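S.K.: this one's structure only:
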């Protein structure tokens, strides 16, 4: 019986799909980790470990600067025990899956318009007001039989109006049109309740470690 909190192939699919939705280069193997060169102002790269704790301590020993992230579906206490004191460790999300994607929601609210288009191999859904200001958005890409959902965001002034549910339904419907029925995402603490209401199941904590500057 596996001791992993999430199946390794699930995490590997997530890593490849996440890199695609973020327009980063595909992950490459570094030891037992998948490395994604993110090149962002607050993050230069991240290592995703599909079989934790394997490889976490070894990779961490090669890192001396901040803005390099270690990510794994592992309990944060277990990850912290593998790292020196200079590392900050916290659960930053929850890995979630859905066996059946939600495709139904209410109508588009008055004053907003909905657009959904493919940008290469990533489907982007957006809700905007009459001035083109974005009220909500989300991305989805099919990967290994999963519909990887990412960047589900509702602007603060439009929250609690059902826009997150609407975006999820649009992404789910498009995934179904592509023949994909199952969903995969990493939820933030703020977003998890929405996904649970829509039938998504928590699979594992998603833990992040980085050197404190």
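M.R.: Ah, there it is. The model shown is predicted, which means the values in this text are computed figures rather than measured ones. Residues are numbered from 1 along each chain as shown.
S.K.: Quick check: mean pLDDT of stretch 4-17?
M.R.: Computed over stretch 4-17, the mean pLDDT rounds to 97.
S.K.: Distance from that stretch to the middle of the chain?
M.R.: 11 Å (C-alpha atoms, centre = their mean, to the nearest Å).
S.K.: Which helix or strand contains residue 136?
M.R.: For residue 136, the host element (DSSP states H and E) is strand 134-143.
S.K.: Doesn't residue 157 belong to a helix?
M.R.: Yes - Residue 157 forms part of a helix when assessed by DSSP: H, G, I helix; E, B strand; the rest coil.
S.K.: Let's see the pLDDT reported for it.
M.R.: In this model, residue 157 is scored at 94, pLDDT.
S.K.: Tell me, how many residues neighbour it?
M.R.: A total of 9 residues lie near residue 157 under the criterion other C-beta atoms under 10 Å. For glycine as for every other residue, the C-beta is placed from the backbone atoms N, C-alpha and C.
S.K.: which residues in this structure form strands?
M.R.: 28-30, 33-40, 43-49, 68-72, 87-98, 112-119, 122-129, 134-143, 146-154, 182-187, 201-211 (DSSP state E).
S.K.: How many residues are close by residue 131?
M.R.: Using other C-beta under 10 Å, residue 131 has 5 neighbouring residues.
S.K.: how far away is it from residue 8?
M.R.: 46 Å (C-beta to C-beta, to the nearest Å).
S.K.: Find the one among the strands of the chain with the highest mean neighbour count.
M.R.: Of the strands of the chain, the one with the most neighbours on average (mean count of other C-beta atoms under 10 Å) is strand 68-72, at a mean of 25.
S.K.: Geometric centre of the protein: which residue is closest?
M.R.: By C-alpha atoms, centre = their mean, the chain has its centre lying nearest to residue 186, at 3.7 Å.
S.K.: what's near enough to touch that residue?
M.R.: 14, 18, 93, 94, 95, 96, 206 (C-beta atoms under 8 Å, 6 or more residues apart in numbering).
S.K.: 7 Å instead, please
M.R.: Shown in contact with residue 186 (C-beta atoms under 7 Å, 6 or more residues apart in numbering): 14, 93, 94, 95, 206.
S.K.: Okay, and the beta partners of the closest residue to it other than its chain neighbours?
M.R.: Excluding the flanking residues, the one nearest residue 186 by C-beta to C-beta, 6 or more residues apart in numbering is residue 93, at 4.5 Å. Counting by DSSP bridges, residue 93 is bridged to residue 206.
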